[in-house]
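> Sequence and predicted model, in that order:
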Amino acid sequence: MRQIYELVLHCSATPEGRDYTVDDITRWHKARGFDTIGYHYVVYRNGEVHVGRPEYVQGAHVRGHNRNSIGVCYIGGCAEDGKTPKDTRTPEQKEALTKLLRGLRRKYPEAKIFGHRDFDKHKACPSFDASGEYKDL
């Protein structure tokens, strides 16, 4: 079993109001040379949580931190122009993310919650301060 110390939140960096799936992200990641989707979980706009990679498989979502982390991605993160970072989480996504992260924290009590941008200052992902918002989970 992998030792998990970080739960890293991402956005799909897609335009607000548009739906994308695990299959879409898998295609994008394979086009970049990944074996499959890099995230362990993807939260759709309607709040559904879908599995990407199994938790026991190392992710491919944040350089230098994949070995001991779980990657969670929500669909959205950009304004309608598809470029400007924006917190586009729906109420359903916010509820699902809180529930998912709370469950992961119970499973991995040593894990701290971060946003991708906490590890890469050139990224806005996930378009909000995840470590601050979820610090009390």
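Happy to help now that I have it.
> Count the neighbours of the closest residue to residue 35 other than its chain neighbours for me.
Setting aside the residues directly before and after it, residue 35 is nearest to residue 60 in space (CB to CB, 6 or more residues apart in numbering), at 7.8 Å. Every residue, glycine included, has its C-beta placed from N, CA and C. Taking other CB atoms under 10 Å as the criterion, the count of residues near residue 60 is 19.
> and what of residue 129?
Look at residue 129: counted by other CB under 10 Å, it has 13 neighbours.
> check contacts around it.
residue 115 (CB atoms under 8 Å, 6 or more residues apart in numbering).
> let's see it at 10 Å
87, 115, 117-118, 135 (CB atoms under 10 Å, 6 or more residues apart in numbering).
> Please apply the same query to residue 71.
Under the criterion of CB under 10 Å, 6+ apart, the contact list for residue 71 reads 6-10, 37-42, 52-53, 58-62, 65, 116.
> Kindly report the same for residue 9.
Residue 9 makes contact with 39, 41, 43, 61, 70-74, 97, 100-101, 113-118, 125-126, 128, 130-131, 133-134, according to CB under 10 Å, 6+ apart.
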